[in-house]
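> Here is my input, please return the structure:
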Amino acid sequence: MAERRDGPYVWLTWLAQWMSGQNTCEWSVWFRAHWQDYERVEDETDWAAYRARHTKLLRETHRALNDDGYRVKRENQNRFTYRHEAEVEVVVGGKPDLVALGEHDNIVLDTKTGRAHDWHEFQVLIPMALLPQSNLVEHHERRFRGRLVYEDGAVRDFDQRQADDILEQLPYFLDVLGGPEEGAMRVPSWQECRYCPISKAHCPDRIEAAPAGEWDEG
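Model (predicted):
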């Protein structure tokens, strides 16, 4: 029903949502870091329109960077792994939307078509910090700044100092994921459980219906 991973592996999005405080149930991150092919809750959202809008924004941003003289790498070209060496090795994986490489300037970019969330910042800052130490050897001597580009035209920029701060905090979170299951706190709530892919077969604490009187803030 579920297969144990060879070692803990955490995807960038899960880590960004947890570190930012967007999601507070760290057990959900721990479980996905240690298990794969588990029984999932079916996502009934129709993502087709979202994906089309995201592809359009990504393409337009890519083209603008090319016009500015950058050599641009996109999505799967940017897929990286970073190994956190501790008592238990934890691997971080991710793929930034765009990495723009210039003669004296390098940028990690993510494009967003929905509303802004704090965790988006971490989705840029974490690869800014980890790409120079990842399996992508061509980035080992680079320094990166970061940028979030939103569909409504809003742009947020980040500097290397912010990424350095994230790199300093990262071992604390990765050590939790490399530790025992009982060290990862369960914090079930309707607001988080309804977006969590882990079924009740693995998480008996999962809340599957809104409490009486609950309303949606979004």
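> Next secondary structure element downstream of the helix or strand hosting Thr61?
Under the assignment given by DSSP states H and E, the secondary-structure element containing Thr61 is helix 48-67. Scanning the chain past helix 48-67 towards its C-terminal end, the next helix or strand to appear is strand 71-74 (assignment: DSSP H and E).
> So which bits of the following helix or strand past that next one are buried?
Scanning forward in sequence from strand 71-74 by DSSP H and E, the next helix or strand is strand 80-84. Of the residues in strand 80-84, those buried under the neighbour-count criterion (16 or more other C-beta atoms under 10 Å) are 80, 82, 84. From N, CA and C alone the C-beta is placed, and that goes for glycine too.
> so which of the residues you listed would you say is closest to Tyr150?
Distance to Tyr150, by C-beta to C-beta, is smallest for Phe80 among these, at 23.8 Å.
> give the contact list for the closest one.
Contacts for Phe80 were tallied using C-beta atoms under 8 Å, 6 or more residues apart in numbering; they are 93-95, 127, 130-131, 134-136.
> which of those tops the neighbour count?
In terms of neighbour count, Pro127 stands highest of the contacts of Phe80 at 29 neighbours, by other C-beta atoms under 10 Å.
> Go ahead and measure how far the host helix or strand of it is from the middle of the chain.
Taking DSSP H and E as the criterion, Pro127 maps to helix 118-130. Computed by C-alpha atoms, centre = their mean, to the nearest Å, the separation of helix 118-130 from the middle of its chain amounts to 7 Å.
> Who are the packing partners of that helix?
Using 3 or more C-beta pairs under 8 Å, 6 or more residues apart in numbering; DSSP states H and E, the elements in contact with helix 118-130 are helix 12-19, strand 80-84, strand 90-94, strand 106-112, strand 145-150, strand 155-158, helix 160-178.
> swap the cut-off to 7 Å and go again
Applying 3 or more C-beta pairs under 7 Å, 6 or more residues apart in numbering; DSSP states H and E, one finds that helix 118-130 contacts helix 12-19, strand 80-84, strand 106-112, strand 145-150, strand 155-158, helix 160-178.
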